[in-house]
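Asker: could you look at this predicted model? Sequence included:
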Amino acid sequence: MTPAEYQRRRRRLAKAIGAESVAILPAASEVVRNRDVHYPFRQDSDFSYLSGFPEPDAWLAIVPKRKGGEFILFCRPRDPEREQWDGARIGPEGAIEQFGADQAYPLSELDQQMPRLIEGRSQLYYPIGRSADLDNRVMGWVHQVRAKARSGSSAPEVFINLGSVLHEQRLRKSPAEIAVLKRAARLSAQAHLELMRLCRPGLTEWQLAAEFRYRCALAGAPELAYPSIMAGGPRACILHYIANSAELVDGELVLVDAGCELAGYASDITRTFPINGRFSPTQRRIYELVLKAQQAALACVQPGRRWNEPHEAALKVLTKGLIELGILSGEPKQLIKDEAYKPYYMHRTGHWLGMDVHDVGDYRRDGEWRKLEPGMVFTVEPGLYLPQTEAVPEDYRGVGIRIEDMVLVTEEGHEILSGAVPKDPDAIERVMERG
Ligand code: GLY
Ligand code: MN
Ligand code: MN
């Protein structure tokens, strides 16, 4: 992302909150894994969205129309001794030079400067309720300002969740964000394709996971957007199966739900394919049903249609299919109303996608499902998970199938960002046959 992109984002936020307001936000902190070891650091998505600043423990303030500048960053100071161990720090000077801060201070000045920045503003935006520590810290600054009331200073009286404004902004992707999401999708699609090519009985789920990560890393995306799900056979019915610890068995399917993170943006793709390269007739029957549900859902992805429409279209196809398979009986409309499909399809048909794999943004506004708009990106991911119980005909027991694509709403309709990896069963078999 260019400095101009970050500046546009901050300006939009400043305009949305107005000159009576101030917005403040902490960066993520490092988390200890064990003794001297930390989990790999991942910047808070909101913080990254507004600043691109990659270091832990920083804070930012956006103070619209403030004379000394609107964008203030607090960060760790330069420290040659620490930098010898952990690598270069940006420091307040770098925050100004490289990240466009109007002013920047070392973190040691946070408690002194923050009350000055919120003073005189009637509304304070911050991530309310994210943690008790954060609430206490922010209220401490508010109290400091209040304590000076007799000298004429006024403290914010209205506290608003920053996400209520910022997440609306993040929901609509800019051209630069769409370009990154497309690249992330292409990269993950390529890795999925490689997995189809090399899959065979006797490999392990763990090897597939390793191959996926390796292919993404080699192509320039060393981080994944979420733990890969490599679920052979009945393990595909466990929605978030991340143990990936079993062998892939001849004659079974494998469900691969995996996506890289690229420049802070997530990809999220699922394909389900036969471990030996050929769908059995029963596997193909269920697969085609899920594919039909996905196509019905995708047909609803158009500007002006509502968020729930793809889900409802998928439910219709899946419920009718469950009747045809002899798993449900009754009238489709009533079965949908009664949620009779739930034991076999227990998740929704998609979620917003962006910096977070389950991205921010409301699904309902003013009591209604929200309308789709160009620039929104989400997944369309119907599935069927047939448990190993009496309710399911024997042939179908333990079959779990999900087909998940990344979709961008466009002026004309939609664009599938993850289309480079096949999902037509014949096309999958052709790819697997060629190896
Ligand atoms: N991979 C997580 C999801 O599909 O929602
Ligand atoms: Mn998903
Ligand atoms: Mn997924």
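Answerer: It's in. Ligands and ions are numbered 1, 2, ... in the order given.

Asker: alpha carbons only for contacts and neighbour counts from here, please
Answerer: Noted.

Asker: skipping adjacent residues, who's closest to the residue most central in space within the chain in space?
Answerer: Centroid-nearest residue in the chain, with C-alpha atoms, centre = their mean: V357, separated by 1.4 Å. Excluding the flanking residues, the one nearest V357 by C-alpha to C-alpha, 6 or more residues apart in numbering is A266, at 5.3 Å.

Asker: pretty sure that neighbour contacts W352?
Answerer: No: the criterion here is C-alpha atoms under 8 Å, and A266 misses it with W352 at 10.5 Å.

Asker: higher neighbour count, the two?
Answerer: Applying other C-alpha atoms under 10 Å to A266 and W352 shows that A266 carries more neighbours, namely 25 against 21.

Asker: residues contacting the more buried one?
Answerer: By C-alpha atoms under 8 Å, 6 or more residues apart in numbering, A266 lies in contact with L181, A184, L224, A225, G259, C260, L353, G354, M355, D356, V357.

Asker: by neighbours, which of those wins?
Answerer: Greatest neighbour count in the contacts of A266, by other C-alpha under 10 Å, goes to C260: 32 neighbours.

Asker: is it correct that it is in contact with A221?
Answerer: Yes: counting by C-alpha under 8 Å, C260 does reach A221; the two are 6.3 Å apart.

Asker: which SSE is the closest residue to ligand 3 within the stretch 51-200 of the chain in?
Answerer: When scored by C-alpha to the ion, the stretch 51-200 of the chain has S188 as its residue closest to ligand 3, at 11.5 Å. Element membership for S188 (DSSP states H and E) is helix 175-198.

Asker: the residue nearest to F159 when sequence neighbours are not counted and V22, how far apart?
Answerer: Leaving aside its chain neighbours, F159 sits nearest to L124 (4.9 Å; criterion: C-alpha to C-alpha, 6+ apart). Using C-alpha to C-alpha, to the nearest Å, L124 is found at 5 Å from V22.

Asker: any idea what E247 is bridged to?
Answerer: Beta-bridge partners recorded for E247 (DSSP bridges): T204.

Asker: so who does it touch?
Answerer: Counting by C-alpha under 8 Å, 6+ apart, E247 has contacts P201, G202, L203, T204, E205, G232.

Asker: tell me how many other residues surround the residue nearest to P26 when sequence neighbours are not counted.
Answerer: Using C-alpha to C-alpha, 6+ apart and skipping the chain neighbours, the partner closest in space to P26 is W59 (4.3 Å). Applying other C-alpha under 10 Å, we find 22 other residues in the vicinity of W59.

Asker: and W59, bridged to which residues?
Answerer: Taking DSSP bridges as the rule, W59 bridges to P26, F74.

Asker: surely it is in contact with R76?
Answerer: No: in this structure, W59 is not within contact of R76 by C-alpha under 8 Å, at 9.9 Å.

Asker: once you drop chain neighbours, what's closest to the residue of the stretch 301-435 of the chain found nearest ligand 3?
Answerer: Of all residues in the stretch 301-435 of the chain, E404 sits closest to ligand 3, at 6.5 Å by C-alpha to the ion. Leaving aside its sequence neighbours, E404 sits nearest to E381 (C-alpha to C-alpha, 6+ apart; 4.0 Å).

Asker: was I right about that neighbour contacting T349?
Answerer: Yes: the pair E381 / T349 is scored as a contact, 5.0 Å apart, by C-alpha under 8 Å.

Asker: more crowded one of these two?
Answerer: Comparing E381 with T349 by other C-alpha under 10 Å, the one with more neighbours is E381, at 28 against 24.

Asker: got the phi and psi for the more buried one?
Answerer: The phi/psi pair for E381 (degrees, to the nearest 10) reads phi -140, psi 60.

Asker: quick one: pLDDT of it?
Answerer: Looking at E381, its pLDDT reads 98.

Asker: now for it: which residues touch it?
Answerer: Applying C-alpha under 8 Å, 6+ apart, one finds that E381 lies in contact with T270, Q294, R348, T349, G350, R402, I403, E404, D405.

Asker: verify the stated contact: the third one with P310.
Answerer: No: the pair R348 and P310 does not pass the contact test of C-alpha under 8 Å, sitting 9.7 Å apart.

Asker: and the residue nearest to F159, how many neighbours does it have?
Answerer: L124 has 25 neighbouring residues, counting by other C-alpha under 10 Å.

Asker: need the contact list for it.
Answerer: S21, V22, A23, I24, I118, P156, E157, V158, F159, I160.

Asker: doesn't it fall inside a strand?
Answerer: Yes: when classified by DSSP: H, G, I helix; E, B strand; the rest coil, L124 is found to be part of a strand.
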